[in-house]
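*Asks:* Any chance you could fold what I've pasted below:
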Amino acid sequence: MHLDVARLRSHFPALARGVAHFDGPGGSQVPEPVARAVADTMTSGLSNRGTVTAAERYADGVVLAARAAVADLLGCPAEGVVFARSMTQATYDLARALSKQWAADDEIVVTRLDHDANIRPWFAAAQAAGATVRQAGFDRATGALSVDDIAAVLSPRTRLVAVTGASNLLGTRPDIPAITEAAHAVGALVHVDGVHLTPHAPVSFEDLGADFYTCSPYKFFGPHHGVLVAAPRLLEGIHPDKLLPSSNAVPERFELGTLPYELLAGTTAAVDFIAELSPAAAGRRARVLESMRLVEEHEEQLFDRLLDGLRAISGVTLYGSAGRRTPTALFGVAGRSPGEVHEHLARLDVNAPAGTFYALEAARWIGLGEDGAIRAGLAPYNDTEDVDRLLAGVRELAGRGVSGRS
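*Replies:* This next block holds a predicted model:
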C-alpha cells in the first residue's frame, strides 16, 4: 500500500492556487476538514468547561477529545497532554517550573543542533537558578549528533538534557532512545523537541524513553498552538506558577487561562485526517502509525529525487549528509545570496524560504552567516511535479552566473 498523494492533495484548498510549497517545516498547509472543525467549534455555542449547560459540556468534550487525539498521535497517556500557546511557551514555562528544583552546582545540557526554542529557555532558567549550561556539538560535515556527543558533556550533576528529535535546519535525527538512556544513567531528565520529527515519522513517546516531548500541531496540518506531553506522575511533582483559583489538577495546572477550544478541535481533526490516510488499519492509534509509515516512505522517495537533482546542479552546495533524517534539504547557490534564491523561486510560485530558521546555534556551528541558506522541506502533499519545479528554478538561477543578474 502506498500513500495516495492525489487524494491527499485534493483536501488542501491552498494547493489549488498552483504554488509548490516547500515551507512545511515552518508550518504546513491546512486541509479543509481541519478548517471546518475550527469554524464549526467557534459557531457551536461555547462556554468555559463545566457539566451543567450544553455549552459547558461541549467545551469539556472538545478538550478531552483533543487530549485523546494527541495521545493516539504520540503514543502517550492522554492525562499527560498539556496544551499551550506554542511549543516555545510550553518549554519556557516548563523550564521555569523545573528550575525551582535546581541548585547552583547543577548542570543543564543543550545541543548546538537544536532550534533556539529548545536552547534559550534552558539558558534563562539555568541563569535564574545559578546552574551551568553545557553545550553539545555535532559533526559539522554530516550534521549528525551522536550519543557520544551528548555523553561528553554529561556528569553526575546533570539535571536535564534538552535535545531535538529532528533538526529543523538540517533534518538530522539523533538516536533519542540511546541519548535518553545515557542521560537517565546519570539521573538527568530528557526534554525532546519533537516539532520537526512529528510530521515526518511514526512517534512513540514510550519507545523514545524521554521524560518530556513537545510538538506543534500547525506543523502536521493543524492550527497554531503547542503541545507538551509527559507521564502524569512526573507532572504531579512539578509546580508551575499559576493563578490561585485555577485548577491544581494535572494537566490543567500547566495550562494558563482558558484554552482555545477551536484550535483544540482543529488538532483533533488533524489527527483524524492523518489516521484516515490509512483507513485499512483498526483503531486510530494503529491507523496513525500506518499512515505515518506511508508518509515516511513517500517522503523518502521524493527526498531522494530532490537530493539527486540538487547534487547534479553545478554551483549548488548541500549542507549535512547524515543518513537518518527528515526530508529537509538545506542548500546554497554559488554567487547568489539565500534571499535572491528565495525571491527567484517565489516568482516561479515555488515557496522555499531562506534563513537560519531560529536554529541559530546550528547555523553558526556549520559556518553559515546570519543570512543562512535555502531550506526545501517536503510535506506529505508534495509530489514529483513540485520537486521538478523547484529543481528547474534552481537550475535556471545557477546557470545564469553572477553576471546574469537582472
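*Asks:* Please enumerate the helices of the stretch 101-250 of the chain.
*Replies:* 120-129, 147-151, 176-185, 205-208, 232-236 (DSSP state H, counting those that start in this stretch).
*Asks:* OK, contacts around residue 377?
*Replies:* Neighbour list for residue 377: 22-26, 171, 326-329 [criterion: CB atoms under 8 Å, 6 or more residues apart in numbering]. Where C-beta positions appear, they are placed from N, C-alpha and C, glycine not excepted.
*Asks:* nope, residue 32 is what I meant
*Replies:* With CB under 8 Å, 6+ apart, residue 32 has these contacts: 11-13.
*Asks:* now with 10 Å?
*Replies:* Contacts for residue 32 were tallied using CB atoms under 10 Å, 6 or more residues apart in numbering; they are 10-14, 269, 273.
*Asks:* So which of these wins on neighbours?
*Replies:* residue 269 (28 neighbours; other CB atoms under 10 Å).
*Asks:* name the element that one belongs to?
*Replies:* Under the criterion of DSSP states H and E, residue 269 resides in helix 261-275.
*Asks:* What helices and strands are in contact with that helix?
*Replies:* helix 32-42, helix 54-74, strand 81-84, helix 284-311 (3 or more CB pairs under 10 Å, 6 or more residues apart in numbering; DSSP states H and E).
*Asks:* at 7 Å what do you get?
*Replies:* Packing partners of helix 261-275 (3 or more CB pairs under 7 Å, 6 or more residues apart in numbering; DSSP states H and E): helix 32-42, helix 54-74, helix 284-311.
*Asks:* Could I get the average pLDDT for that helix?
*Replies:* Across helix 261-275, pLDDT averages out at 98.
*Asks:* and it with helix 32-42, angle?
*Replies:* Relative orientation of helix 261-275 versus helix 32-42 (axes from the mean of the first three to the mean of the last three CA atoms, to 10 degrees): 150 degrees.
*Asks:* Tell me which residues are up against helix 261-275.
*Replies:* 31, 33-34, 37-38, 41-42, 46, 59, 62-63, 65-66, 69-70, 72-73, 83, 217, 220-223, 225, 284, 287-288, 291 (CB atoms under 7 Å, 6 or more residues apart in numbering).
*Asks:* Give me the buried subset of those.
*Replies:* By neighbour count, with 16 or more other CB atoms under 10 Å, the contacts of helix 261-275 hold 31, 33-34, 37-38, 41, 46, 59, 62-63, 65-66, 69-70, 72-73, 83, 217, 220-223, 225, 284, 287-288, 291 as buried.
*Asks:* From residue 166, how far out is the spatially most central residue of the chain?
*Replies:* What sits nearest the mean C-alpha location of the chain, by CA atoms, centre = their mean, is residue 195, with 1.4 Å. Residue 195 is 8 Å from residue 166, where distance means CB to CB, to the nearest Å.
*Asks:* which one of the helices of the stretch 101-250 of the chain lies closest to residue 381?
*Replies:* Of all those, helix 205-208 sits nearest to residue 381, with 25.8 Å by CB to CB.
*Asks:* Any idea how far apart the tips of stretch 203-212 sit?
*Replies:* Length of stretch 203-212, first residue to last, CA to CA, to the nearest Å: 13 Å.
*Asks:* Run the chain-centre distance for that stretch.
*Replies:* Chain-centre distance of stretch 203-212: 15 Å, with CA atoms, centre = their mean, to the nearest Å.
*Asks:* got it, and stretch 122-139?
*Replies:* That offset, for stretch 122-139, works out to 21 Å (CA atoms, centre = their mean).
*Asks:* Restrict stretch 142-149 to CA atoms and write it as PDB.
*Replies:* C-alpha atoms of stretch 142-149 as PDB (Å, rounded to 0.1, in the frame of the first residue of the first chain):
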ATOM      1  CA  THR A 142      27.300  15.300   8.300                       C
ATOM      2  CA  GLY A 143      25.000  17.200  10.700                       C
ATOM      3  CA  ALA A 144      24.900  14.100  12.900                       C
ATOM      4  CA  LEU A 145      24.500  14.400  16.600                       C
ATOM      5  CA  SER A 146      25.600  11.200  18.300                       C
ATOM      6  CA  VAL A 147      25.100   9.800  21.800                       C
ATOM      7  CA  ASP A 148      28.900  10.200  22.300                       C
ATOM      8  CA  ASP A 149      28.500  14.000  21.700                       C
END
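*Asks:* which residues are contacting that stretch?
*Replies:* Under CB under 7 Å, 6+ apart, the answer for stretch 142-149 is 111, 113, 136-138, 167, 170, 172, 174-175, 178-179, 182, 319-322.
*Asks:* Next: stretch 239-257.
*Replies:* Contacts of stretch 239-257 (CB under 7 Å, 6+ apart): 79-83, 93, 97, 232, 235-236.
*Asks:* Can you tell me which of these is closest to residue 301?
*Replies:* Closest to residue 301, out of all of the contacts of stretch 239-257 and judged by CB to CB, is residue 81, at 32.6 Å.
*Asks:* isn't residue 294 right next to residue 280, touching?
*Replies:* No: with contact defined as CB atoms under 7 Å, residue 294 does not reach residue 280; the gap is 10.4 Å.
*Asks:* More neighbours: which of these two?
*Replies:* residue 294 (18 against 8).
*Asks:* Now do the SS call for the residue lying closest to that one once chain neighbours are set aside.
*Replies:* In space, and not counting its chain neighbours, residue 294 is closest to residue 3: 4.2 Å by CB to CB, 6 or more residues apart in numbering. Three-state call for residue 3 (DSSP: H, G, I helix; E, B strand; the rest coil): coil.
*Asks:* how close does residue 3 get to residue 187?
*Replies:* 42 Å.
*Asks:* Show me which of these two is the more surrounded one.
*Replies:* More crowded of residue 3 and residue 187, by other CB under 10 Å: residue 3, with 20 against 11.
*Asks:* I figured that one was touching residue 296, is that so?
*Replies:* No: using CB under 7 Å, residue 3 is not in contact with residue 296; the gap is 9.4 Å.
*Asks:* which residues in the stretch 301-406 of the chain form strands?
*Replies:* Using DSSP state E, counting those that start in this stretch, the strands of the stretch 301-406 of the chain run over 316-319, 328-333, 350-351, 354-355, 373-377.
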